[in-house]
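Visitor: My questions concern the predicted model and sequence given below.
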Amino acid sequence: MKILIYNVQDIPIGGGGMGEVYLGTDPQGRRVAIKKMRAELTADADLRAFFHKEVNTLTQLEHPFIVKVHASFEEWGSLYMVMEYVEGETIEQYVRRCGRIGENEAVRLFSDILSATGFVHQKGFVHRDIKPSNIIVKPDRNICLIDFGIVKDMNHSSGHTVTQIIGTDGYMSPEQAGAMNIDQRSDIYSLGCVLYYMLVGDHAIKKKSSDHDTRIAILQGVFPRAKDFNPVLSDHIQRILDKATDKNMLKRFQSCREFELEMNDCRTIVTDDNKASDAVSVGREGCDINFPPYEKKISRRHLDIIKKYNPQSTEKAFIIIRDRSTNGTVINGEKIHNSEKTINHWDVHDVKILLAGEVELKWADVEAALARKSNVTKPSVKDTSPTPPVPETEGQSAVGWLVAIYIFAALGGLLGLVFGISVYKAKLDLPGGGKVHKYKQSHRTAALIGAILSGVSMIVWNTIVTMNN
C-alpha cells in the first residue's frame, strides 16, 4: 500500500497497545519503519500528546544506540511516525531463541544500553518503559533503544500520567507501580530487571492475573537472586543486580554513569585471565577437534569451548560454548550465532550440539580434547603426606662416598701439611757450625700457606662427614 510518499507492506512487523509498526521504503529506496497510531485512539488528546512527545523527544536524541526519527504526519485520521529501520531482534526475542546470555556478553551489551539510557537522562528525559522488547540487538552486536512513547520530560513535566501505560509488567519501578514521583532512578530499576532477564533467561517479576496484582508484587514481593537460577554468575554481578533493583531509590545507583563504572569493574573480573580454564577449538581444519574438509558448512573455526573452574574447587566447572561460525550452532534445539551460551557442569553430558545445525559434535570428543590440551592452573593443595624414607642401601652408599672422599682429602691434606711445614723449617749445616734455612724466603712463605690451607681442608671435610653421620 501507499501512504503519502512511502511504499508500505500490508502486514505489520510489530505493534503494541497504541498501534502497529510497518516496514516501508522512502522515495530514495531506503528502508524505514513506520509507526501508526490506531485511528480510534487519535481522538484522545492525552494519547495524541504522547505520540507527538515521542517524535519531539527522538529529534533531540542523536545517539548511535537510539533509534532515529525521520518524519511524522497525519493521514486519514491516523498519526504516523517514520523512523530508521533497525535490523536485528529484541533482547526478548534473542533470549527466547538462544536462552540466557553469558555473563561476558551480557556485560558488553549492557554497557551500550547504559550508554544510551545515560544519554537520555542527560537530555532531561526518563524513558519509563525500558524492557527487553524495547532493546534491539543488531547483527553487528550493537544495541538500539526504541519506543519512547511514554517518555517523561523532567524539565517540562506536566505531572500528567496515563496510568494504563506507565510501564510494562514487572519492569516498572516501585515508584511507577505506586503512582509516585519518578526520576532517572526509575529507569535504573528497570535496567536492573533487564540485566536479570539477560543473565537468567526469565522475568524477575512475572505478570500476574491483573495489573493490580503485578504492582503489588513489585511493591511488596522479594526480588529474586539471579545466582539462585544461574549459579555460575559472579558474586560481583549479583551485588550489582541487588543495588540496581533496590526498592528504595536512594539505595540504587544514582545515575547510569555510576551503574556503568560498576559494570566496568565487573567486566575486569569476568575476563580475568587468571581464572583457571581449559579451551579447545572446533572446526574444519587447524583446530583441536577437526572435521573433514568436505563438511563445508562447518566453518574453519566454528566453535570455541571453554571449561572454567571455580578457583576454590576444580570439580565445580561450567562450560562456555562460543560460536564463531558462518552458519551458527544449535545447542539443545536453540540456535546461537556469533554469541555464546553457558552450560552448568552437571548438564554437559546431556547437551546436544549440532554444528551448522546438521553435524553433531560428540561431547566425548570435547572431553578428550580438553584432557589432551589441559593447561589449567589447578587450585594449589598443600601436600601433607609424609616424605618417604630414603632406602637404607641408598643412605649407606652416600655415607660410603663421603668416607672415601674424606680419606682422600685427609691424606692429601696431611701430605700437604707435612710437606709445607718441612719446606718451611728445613735448614742446612754451615762449615763453621751454624745453620741457615735451606729454601729462599719466598719459597718458605708459599710452603707455609700451603700447609695452612691443607689443615683447613682437613677440618672442613671432617665437619661435613660428622654432620652427615
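Guide: Ah, there it is. Numbering: from 1, shown residues only.
Visitor: How are the helices of the stretch 301-450 of the chain distributed by residue range?
Guide: 363-373, 392-425, 441-468 (DSSP state H, counting those that start in this stretch).
Visitor: what's the residue closest to the geometric middle of the chain?
Guide: Centre of the chain computed as the mean C-alpha position; nearest residue by C-alpha atoms, centre = their mean is residue 104, 2.7 Å away.
Visitor: Tell me where the stretch 251-400 of the chain has strands.
Guide: Ranges of strands in the stretch 251-400 of the chain, per DSSP state E, counting those that start in this stretch, are 277-283, 289-290, 303-310, 313-323, 329-331, 334-336, 340-344, 353-355, 359-361.
Visitor: Serialize those to CSV and add fields for distance to residue 123, mean neighbour count and mean pLDDT.
Guide: The C-beta positions use only the backbone N, C-alpha and C, and glycine is treated the same way. Supplementary listing: those in CSV, determined by distance: least, C-beta to C-beta, whole Å; neighbours: other C-beta atoms under 10 Å; pLDDT from 0 to 100:
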stretch, distance to residue 123, mean neighbour count, mean pLDDT
strand 277-283, 42, 20, 80
strand 289-290, 50, 18, 90
strand 303-310, 40, 20, 76
strand 313-323, 37, 18, 67
strand 329-331, 40, 22, 91
strand 334-336, 35, 17, 88
strand 340-344, 34, 20, 77
strand 353-355, 45, 20, 92
strand 359-361, 48, 15, 92
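Visitor: Format those as JSON lines; extra columns: distance to residue 11.
Guide: Below are these laid out as JSON lines (distance: least, C-beta to C-beta, whole Å):
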{"stretch": "strand 277-283", "distance to residue 11": "39"}
{"stretch": "strand 289-290", "distance to residue 11": "44"}
{"stretch": "strand 303-310", "distance to residue 11": "36"}
{"stretch": "strand 313-323", "distance to residue 11": "31"}
{"stretch": "strand 329-331", "distance to residue 11": "28"}
{"stretch": "strand 334-336", "distance to residue 11": "24"}
{"stretch": "strand 340-344", "distance to residue 11": "32"}
{"stretch": "strand 353-355", "distance to residue 11": "31"}
{"stretch": "strand 359-361", "distance to residue 11": "35"}
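Visitor: for those, which one sits closest to residue 20?
Guide: When the strands of the stretch 251-400 of the chain are compared by C-beta to C-beta, strand 334-336 sits nearest residue 20, at 27.6 Å.
Visitor: Show me which helix or strand of the chain is least confident by mean pLDDT.
Guide: helix 392-425 (a mean of 65; mean pLDDT, DSSP states H and E).
Visitor: can you pull the contacts of residue 354?
Guide: 329-331, 360-361 (C-beta atoms under 8 Å, 6 or more residues apart in numbering).
Visitor: What separation do you get for it and residue 298?
Guide: 10 Å (C-beta to C-beta, to the nearest Å).
Visitor: List the contacts of the residue nearest to residue 435 when sequence neighbours are not counted.
Guide: Nearest non-adjacent residue to residue 435, counting by C-beta to C-beta, 6 or more residues apart in numbering: residue 427, 4.5 Å away. Going by C-beta under 8 Å, 6+ apart, residue 427 touches 435-438.
Visitor: now do residue 231
Guide: Residue 231 touches residue 344, counting by C-beta under 8 Å, 6+ apart.
Visitor: Give me the contact list for stretch 41-54.
Guide: With C-beta under 8 Å, 6+ apart, stretch 41-54 has contacts from 18-19, 37, 72, 74, 77-79, 81, 148-151, 153, 160, 162, 165.
Visitor: now that stretch: mean pLDDT?
Guide: Averaged across stretch 41-54, pLDDT comes to 82.
Visitor: Can you show me the CA trace of that stretch as PDB?
Guide: These are the backbone C-alpha positions of stretch 41-54, laid out as PDB (Å, rounded to 0.1, in the frame of the first residue of the first chain):
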ATOM      1  CA  LEU A  41      -7.000   6.400  19.800                       C
ATOM      2  CA  THR A  42      -6.200   9.600  18.000                       C
ATOM      3  CA  ALA A  43      -9.400  11.300  19.400                       C
ATOM      4  CA  ASP A  44      -7.800  11.000  22.900                       C
ATOM      5  CA  ALA A  45      -6.000  14.300  23.400                       C
ATOM      6  CA  ASP A  46      -3.600  12.700  26.000                       C
ATOM      7  CA  LEU A  47      -2.600   9.900  23.700                       C
ATOM      8  CA  ARG A  48      -2.100  12.300  20.800                       C
ATOM      9  CA  ALA A  49       0.200  14.300  23.200                       C
ATOM     10  CA  PHE A  50       2.200  11.200  24.000                       C
ATOM     11  CA  PHE A  51       2.600  10.400  20.300                       C
ATOM     12  CA  HIS A  52       3.900  13.900  19.500                       C
ATOM     13  CA  LYS A  53       6.100  13.900  22.600                       C
ATOM     14  CA  GLU A  54       7.800  10.800  21.300                       C
END
